[in-house]
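Engineer: Sequence and predicted model, in that order:
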Amino acid sequence: MSDLIHWFDLLGVMVFAISGTLIAHKKHLDGFGVVVLAAVTGIGGGTLRDIILDEPVFWLHDPSYFIAIFSAVLISIIVLNQQKQIPSKFLQVADAFGLALFAVMGTQKAMSIGMPATTSVIMGVLTGCFGGVIRDVLAGDIPLLLKGQLYAITCILGGIVYTQLMSFSIAIEVSMLFGMLTTLVVRLMAMRYNWVIHVFKY
Amino acid sequence: MSDLIHWFDLLGVMVFAISGTLIAHKKHLDGFGVVVLAAVTGIGGGTLRDIILDEPVFWLHDPSYFIAIFSAVLISIIVLNQQKQIPSKFLQVADAFGLALFAVMGTQKAMSIGMPATTSVIMGVLTGCFGGVIRDVLAGDIPLLLKGQLYAITCILGGIVYTQLMSFSIAIEVSMLFGMLTTLVVRLMAMRYNWVIHVFKY
Amino acid sequence: MSDLIHWFDLLGVMVFAISGTLIAHKKHLDGFGVVVLAAVTGIGGGTLRDIILDEPVFWLHDPSYFIAIFSAVLISIIVLNQQKQIPSKFLQVADAFGLALFAVMGTQKAMSIGMPATTSVIMGVLTGCFGGVIRDVLAGDIPLLLKGQLYAITCILGGIVYTQLMSFSIAIEVSMLFGMLTTLVVRLMAMRYNWVIHVFKY
C-alpha cells in the first residue's frame, strides 16, 4: 500500500513539474531556474503540508523525487523544443491530474496521523493547490486558483469523497481512486464547460 | 484567560478574512478562491509564527477558525454585493484592527513559550503583518507593508508596550489591551494624518 | 569552528540585507518596511532551510542577527542617500557574495545533521537562493533566479565542491572556503561574461 502511495506521489510530482516547465516556457523564463520552478511546483504543496503537520518533509530522505522532477523537466523541454506550439489546454490538463493526485494524497496523509476530517480535507486542498500557487506567484501571475473557476473546490470534493468512503470501511485503494476521479472529473468538466463560480456581483 | 485569547484570535482571523475578501473584490477575483485568499490572510501570519516557533499550528485541531473565516467571507460577500461601493478606507481600518489584535497575540504566544523579548516582538510583527503580505502578493500587489506608511512599526510599538507592561507585573488582560490599543491608535492616526516614514531621499 | 560559521552566517545575512535595501531603493519602497524586506532577504533562506529540516530556526535565540540586519540597512541607507547613483552591478555583486556564503552554509548545516548529499546540496540552493526569491517576489519582480543566468546552479557547484572535499577528509574550513569560492567565482564570471543557459528554443 505505501508503495502505491509513493508511486502516486511521484506521479503527482512529475505532473506538477511538467506544469511548472510549461509555465516557465510560456513566460519566457530560462536556465536552471526552470528546474527550480518545476521542483517548487512539484513538491511545494506537499512540503507545506508536512511543515504545517510537523511531519518529516517527504523528500528529505528520498532522492527519487528529484530524479522524477529532473526527468519530467527534461522530457518537457525536449517536447517543447520540438513542438514549439503546445496546445494551451495541455497545461491545465496536467494541472488537473496533479490536483487530483495531490488532493487525495494530502487528505490521506493528514488522516493517517490522526487529524480531524476538516483539517484533513484542508490539507488536501493545500497539497493540491499550493504548488501551483507558488508556481504562479514566482512566474508573476495571479494564481489560477483565485480566478473563479472550480479549482480549490474540486480538491474539497475529492477529499470529502475519500474521507466518506474511508468512514464506510471501503478499501483505501478504492477510496483513493474514487476521490481522485472526483477531483479530476469535476475539474476537467469545469474546464470543458467553462463552469465558474461567481461570488461577487460587479 | 486562554478563553479570552481564543476569542481575540478568532476576531483577528475574521477581521483579516474580511480584508482578504475586500481585496479579492477590488481585484475582481472570484469563486471559491476568494475563501482561500481570505483564509490565507486570516491564518497565514499565525501559521508562519507557529511554524517558526515549532509550536503545533493553532488551527490544526480547532475547526472554529474555519467557521469564523467562512462566516466572515459570507457576510463580506453579502455586504459587498448589496453596497457595491465600499469606502476605500474600510479595508485599511479592518486591516488595522487585525494588525492590533495579531501583533499582541503573536508577541504573547512567543513570550509564553519562553522566547526572548526581541524575538517575541518580531513574532508579533510576523503574526500581524504576514497574513496581509501573503494576501497582497497573491493578489498581485506590492505589500502595503513596504510602502512607507507606519505599518510594521505599529506592531513593534504594540509589542513593546505589551512586553514592558508585563515586565511590571501588570495583569495580562490589561497589558494586552494597552498593547493592542497602541498598535491600533498609531496605525489609525498614521492613516488619518498620512504619516509616512521616509528612509530614502530620492 | 562554530564561531567561524556564526560569523560567516552573520556576514551572509548582512550582505543579503544590503541587497534587500538596494532593491527597496530601486523600487521606490520606503519606511520601516525596508527593514522588513532586508530582514526577510537576509534570513528568509536560512529560515526556510531550518523549517524544512525541522531544526530550531537559527535566529530565535540570537538577537545578533537583527543587530546585523539593522546595521546593514542603516549603512546602506546612508550610502544610498549620499551617492544617489549606485552602480547597478553593485546589487548583483552583493547578491553573489550572499549566494556563495549561504550555499555552503546551508549544505554544511544539512550535512551536519546527517542529511544525504543530494538533500544537503539542495538545502544549500534553498539557503542561498530563497532569500533573494522572497525579496524579488515581495518587490513585485520575477525572481532573478528564473531568468536564465547561472544562478541556482552556482549554489549546486559550490555545494558539490564542499561535499566532495569533505568526503576526502579535507578540513572543514578549507572545504567551506573552496565551496564558497566556487559559487562566487562562477557567479561573478557568469555576470561578467553574460553566461546564460538556454533550455528553451523560442
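Structural biologist: Structure's in. What do you need? Numbers count the residues shown, from 1 in each chain, chains lettered A, B, ... in the order given.
Engineer: Not counting residues beside it along the chain, what's closest to A:Asp95?
Structural biologist: Leaving aside its chain neighbours, A:Asp95 sits nearest to A:Ser19 (4.8 Å; criterion: CB to CB, 6 or more residues apart in numbering or on different chains). C-beta: built from backbone N, CA, C; applies to glycine.
Engineer: That neighbour and A:Gly132 touch, don't they?
Structural biologist: Yes: A:Ser19 sits in contact with A:Gly132 when judged by CB atoms under 8 Å, with a separation of 7.0 Å.
Engineer: tell me the contacts of the residue nearest to A:Asp95?
Structural biologist: By CB atoms under 8 Å, 6 or more residues apart in numbering or on different chains, the contact list for A:Ser19 reads A:41, A:91, A:94-95, A:98, A:132, A:135.
Engineer: now do 10 Å
Structural biologist: Listed by CB atoms under 10 Å, 6 or more residues apart in numbering or on different chains, the contact set of A:Ser19 reads A:37-38, A:41-42, A:72, A:76, A:90-99, A:131-132, A:135, A:144.
Engineer: Please report how far the residue in chain A that chain B sits nearest to lies from A:Asn194.
Structural biologist: Residue nearest to chain B within chain A (CB to the nearest CB): A:Gly148, separated by 3.2 Å. Distance of A:Gly148 to A:Asn194, computed by CB to CB, to the nearest Å: 10 Å.
Engineer: thinking again about what came up before, return the subset of the contacts of A:Ser19 lying in helices.
Structural biologist: A:37-38, A:41-42, A:72, A:76, A:90-99, A:131-132, A:135 (DSSP state H).
Engineer: Name the nearest residue to the residue in chain A that chain C sits nearest to, ignoring sequence neighbours.
Structural biologist: Chain A approaches chain C most closely through A:Asp30 (3.2 Å), counting by CB to the nearest CB. Leaving aside its chain neighbours, A:Asp30 sits nearest to C:Gly148 (3.2 Å; criterion: CB to CB, 6+ apart).
Engineer: just checking, the one you found touches C:Tyr202?
Structural biologist: No: using CB atoms under 10 Å, C:Gly148 is not in contact with C:Tyr202, being 11.2 Å away.
Engineer: what residues are up against A:Ala17?
Structural biologist: By CB under 10 Å, 6+ apart, the contact set of A:Ala17 is A:35, A:37-43, A:65, A:68-73, A:75-76, A:94, A:98, A:131, A:135.
Engineer: Just the helices from chain A, written as ranges.
Structural biologist: Using DSSP H, helices in chain A cover A:2-26, A:33-53, A:64-83, A:88-112, A:117-138, A:152-167, A:172-192.
Engineer: If you count neighbours, what's buried in the shortest one?
Structural biologist: Using 16 or more other CB atoms under 10 Å in any protein chain shown as the burial criterion, the residues of helix A:152-167 that qualify are A:152-163, A:165-166.
Engineer: And the third one, by the same measure?
Structural biologist: For helix A:64-83, burial by neighbour count (16+ other CB under 10 Å) applies to A:65-66, A:68-69, A:72-73, A:76-77, A:80.
Engineer: which residues touch the nearest residue to A:Asp9 once chain neighbours are set aside?
Structural biologist: Nearest non-adjacent residue to A:Asp9, counting by CB to CB, 6+ apart: A:Met105, 5.9 Å away. Applying CB under 10 Å, 6+ apart to A:Met105 gives the contacts A:5, A:8-9, A:11-12, A:45-46, A:49, A:58, A:123-124, A:127-128, A:162, A:176, A:179-180.
Engineer: hang on, the earlier thing: closest to A:Ala117 out of the buried residues of helix A:64-83?
Structural biologist: A:Tyr65 (27.8 Å; CB to CB).
Engineer: pLDDT score for the nearest residue to the closest one once chain neighbours are set aside?
Structural biologist: Leaving aside its sequence neighbours, A:Tyr65 sits nearest to A:Trp59 (CB to CB, 6+ apart; 4.3 Å). A:Trp59 is assigned 96 on the pLDDT scale.
Engineer: Against C:Pro143, how distant is A:Trp59?
Structural biologist: 21 Å.
Engineer: go on, A:Gly131?
Structural biologist: A:Gly131 is 16 Å from C:Pro143, by CB to CB.
Engineer: So these two - more neighbours on which side?
Structural biologist: A:Gly131 (30 against 25; other CB atoms under 10 Å in any protein chain shown).
Engineer: Low-confidence ranges, chain A, go.
Structural biologist: A:1, A:84 (pLDDT under 70).
Engineer: Determine the number of other residues adjacent to the residue nearest to A:Asp30.
Structural biologist: Neighbour count for C:Gly148, taken as other CB under 10 Å: 20.
Engineer: List the contacts of it.
Structural biologist: Neighbours of C:Gly148 in contact, by CB under 10 Å, 6+ apart: A:28-34, C:195-200.
Engineer: which one of these is nearest A:Ser112?
Structural biologist: A:Val34 (33.6 Å).
Engineer: Quick one: residues contacting that closest one.
Structural biologist: Contact analysis of A:Val34 by CB under 10 Å, 6+ apart lists A:20-21, A:23-25, A:73, A:76-77, C:146, C:148, C:152, C:197, C:199-200.
Engineer: Could you check how far it is from C:Val133?
Structural biologist: Going from A:Val34 to C:Val133 by CB to CB gives 14 Å.
Engineer: Same question for A:Ile113.
Structural biologist: Taken as CB to CB, the span from A:Ile113 to C:Val133 is 30 Å.
Engineer: hang on, isn't A:Lys109 packed against A:Asp50?
Structural biologist: Yes: with contacts counted by CB under 10 Å, A:Lys109 reaches A:Asp50, the gap being 7.9 Å.
Engineer: Need the residues touching each of those two.
Structural biologist: By CB under 10 Å, 6+ apart, the residues touching both A:Lys109 and A:Asp50 are A:58, A:123, A:127.
Engineer: and the last one, how many neighbours?
Structural biologist: Neighbouring residues of A:Thr127 were enumerated by other CB under 10 Å; the total is 32.
Engineer: got it, and the first one?
Structural biologist: Neighbour count of A:Phe58, defined by other CB under 10 Å: 18.
Engineer: mind listing what it touches?
Structural biologist: Each residue near A:Phe58 by CB under 10 Å, 6+ apart is listed here: A:6, A:9, A:13, A:43, A:46-47, A:49-50, A:65, A:105, A:109.
Engineer: try 6 Å this time
Structural biologist: A:46, A:50 (CB atoms under 6 Å, 6 or more residues apart in numbering or on different chains).
Engineer: Please apply the same query to the last one.
Structural biologist: For A:Thr127, the contact set (CB under 6 Å, 6+ apart) comprises A:45-46, A:49, A:102, A:106.
Engineer: now do 10 Å
Structural biologist: A:Thr127 neighbours (CB under 10 Å, 6+ apart): A:9, A:12, A:44-50, A:98-99, A:101-110, A:155, A:159.
Engineer: same question, A:Gln149
Structural biologist: A:Gln149 neighbours (CB under 10 Å, 6+ apart): A:92, A:187, A:190-191, A:194-197, B:30-33.
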